[in-house]
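[1] okay, sequence plus prediction incoming.
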Amino acid sequence: NAGVMQNPRHLVRRRGQEARLRCSPMKGHSHVYWYRQLPEEGLKFMVYLQKENIIDESGMPKERFSAEFPKEGPSILRIQQVVRGDSAAYFCASSPSGRETQETQYFGPGTRLLVL
Amino acid sequence: GNSVTQMEGPVTLSEEAFLTINCTYTATGYPSLFWYVQYPGEGLQLLLKATKADDKGSNKGFEATYRKETTSFHLEKGSVQVSDSAVYFCALSDPYTGKLIFGQGTTLQVKP
C-alpha cells in the first residue's frame, strides 16, 4: 500500500520561473492538504482540497499561488514567478473520506524548493 | 484563533534518560491532538494522537494525555534512545476543516 507520493523531491528554480509540485494521495484518500515549512520553522497550512473542489485556501498567499485536485491525476501546487522567499519544503498530506477519519493525515516526503 | 505552543529546543539528553516535551494549545470547539516526528530530510510521521479529553495516545514507548483542564498534550518517554533524535511537532486539528495547526517543533538530540 503505497504512501503519499510527492514529486519532484527537490526542485531548483530561478527567480521569475514557475514551480509545479505534485502530490498523489494514498489509495482511497480523497482529501489533500498542502503545508509549507520555512527554514527552522514549523509547518503552516496552505490549502485543503477534495476532488475538483477547494475547501479552504485561507493559508494560501493571495498572489502567484494556486492549487488544484482534478478528478483524475495528482494534486498540483503551482507557484508562478517564484521569489527567493518561496524557498521552503512543501508537504502534502492526505486523509480518507468521511468526517470521523478525516482528521488523521498522512504526509508525503515533501518537495524542497530552492529559488536562486 | 487556534494555536499550539511547544517548549523551545534543542533538548539534549543522554541515552535512557526521561523525556518530556511540553505542548499547550488554544482552540475553539473540540480538536483532536497529535504528535508528529520528522527525521532529517524526511516528511512527518504520525507518532500518536488523542481525540477527546483524558484520552492517552501511545506508540513506541511515547505517550501523551489530552488534558482539557490545562489545555496540554505533553509528550513523554521513559527511556530515550539515540534513534529517537528528531524534530517533534505537536498539532491540533481544526474540528471544522481538519486542517492541522502545528507548534514550532522541538529538536531532540540523544547522545550515547
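    Okay, I see it. Numbering: from 1, shown residues only, chains lettered A, B, ... in the order given.
[2] residue nearest the centroid of chain A?
    Nearest to the mean C-alpha position of chain A, by Cα atoms, centre = their mean, lies A:Trp34 at 3.5 Å.
[3] residues contacting it?
    Contacts here follow Cβ atoms under 8 Å, 6 or more residues apart in numbering or on different chains; on that basis A:Trp34 touches A:Cys23, A:Phe45, A:Met46, A:Val47, A:Leu49, A:Ala67, A:Ser75, A:Leu77, A:Tyr90, A:Phe91, A:Cys92, A:Ala93. Using the backbone N, CA and C atoms, a C-beta is placed for each residue, glycine as well.
[4] so which of these would you say is closest to chain B?
    Nearest to chain B among the contacts of A:Trp34 is A:Phe45, at 4.6 Å by Cβ to the nearest Cβ.
[5] number of nearby residues for the closest one?
    Other residues lying near A:Phe45 total 21 when counted by other Cβ atoms under 10 Å in any protein chain shown.
[6] on that earlier part again, who does the residue nearest to the centre of chain A bridge with?
    A:Val47, A:Cys92 (DSSP bridges).
[7] thought B:Thr5 was touching B:Thr24?
    Yes. Counting by Cβ atoms under 8 Å, B:Thr5 touches B:Thr24, with 5.2 Å between them.
[8] pLDDT wise, what is the residue located most distally from the centre of chain B at?
    The C-alpha centroid of chain B is most remote from B:Pro112, which lies 23.0 Å away (Cα atoms, centre = their mean). At B:Pro112, the model reports a pLDDT of 94.
[9] how near is it to B:Thr26?
    Distance from B:Pro112 to B:Thr26, counting by Cβ to Cβ, to the nearest Å: 38 Å.
[10] cool, A:Ile55 as well?
    A:Ile55 is 23 Å from B:Thr26, by Cβ to Cβ.
[11] what mean pLDDT does stretch A:58-70 get?
    Mean predicted confidence for stretch A:58-70 is 95.
[12] and chain A, which residues reach chain B?
    A:4, A:6, A:31, A:33, A:35, A:41-45, A:48, A:55-56, A:59, A:91, A:93, A:95, A:102-110 (Cβ under 8 Å from any Cβ of the partner chain).
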